[in-house]
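Peer 1: whatever this is, show me its structure:
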Amino acid sequence: MVSHQEDHIWQINITPLTDVFLVLLIIFMVATPFLVQEAVKVHLPSSAMGKSEPKAIVVTLDRGNRVYVDGEEVKISLLSNLLKNRLTEEENLVILRGDKMVSLGDAIKVMDIIKRAGAERVAIAVEQPTGK
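Peer 2: A predicted model of the protein is given here:
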């Protein structure tokens, strides 16, 4: 009996592996923006003097005059008590994020509640312009 040993050339076909990686990449690219969106969508007014937001309590006022504290909806009648409980000596800055379509009177009403709750500093969030 004569045994013939054939020389086999083994190759790894990476085409299916590449396809899987490309599909995963596309899935992550599509899903990532949904994961990092803010809880409350408001259109901030723009200002050339805007700076990045420091660590603070964020109060948001949307177009429907609904109030949110750090992304959670709060009745305006309970806003003062909630802020009194959250404000500390180290964290006494409150940032007001108001939609640009909110009336000035409503924004000032919320600012008054924030100040009466004991916030020493109140800042208004703005959007920095993208181009000149």
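
Peer 1: the nearest residue to residue 121 once chain neighbours are set aside: neighbour count?
Peer 2: Distance criterion CB to CB, 6 or more residues apart in numbering; nearest residue to residue 121, sequence neighbours excluded, is residue 93 at 4.5 Å. In short, each C-beta sits where N, CA and C put it, glycine included. By other CB atoms under 10 Å, the residues close to residue 93 number 17.

Peer 1: model confidence for residue 93, exactly?
Peer 2: Here, the pLDDT recorded for residue 93 equals 85.

Peer 1: how far away is it from residue 26?
Peer 2: 41 Å (CB to CB, to the nearest Å).

Peer 1: one more: residue 13?
Peer 2: 21 Å.

Peer 1: so the two - more neighbours on which side?
Peer 2: With neighbours defined as other CB under 10 Å, residue 13 and residue 26 compare such that residue 26 has more, 10 against 7.

Peer 1: part of a helix, is the more buried one?
Peer 2: Yes. Counting by DSSP: H, G, I helix; E, B strand; the rest coil, one finds residue 26 located in a helix.

Peer 1: ok, which stretches of this structure are helices?
Peer 2: Secondary structure of the chain by DSSP state H: the helices cover 15-35, 79-86, 104-116.

Peer 1: what does the first one rub up against?
Peer 2: With contact meaning CB atoms under 8 Å, 6 or more residues apart in numbering, helix 15-35 is reached by no other residue.

Peer 1: what about it, distance to the chain center?
Peer 2: Relative to its parent chain, helix 15-35 has a centroid offset of 23 Å by CA atoms, centre = their mean, to the nearest Å.

Peer 1: before we move on, what about stretch 88-96?
Peer 2: So, by CA atoms, centre = their mean, the centroid of stretch 88-96 is 19 Å from its chain's centroid.

Peer 1: my read: the residue nearest to residue 121 touches residue 59, true?
Peer 2: No. Using CB atoms under 8 Å, residue 93 is not in contact with residue 59; the gap is 11.0 Å.
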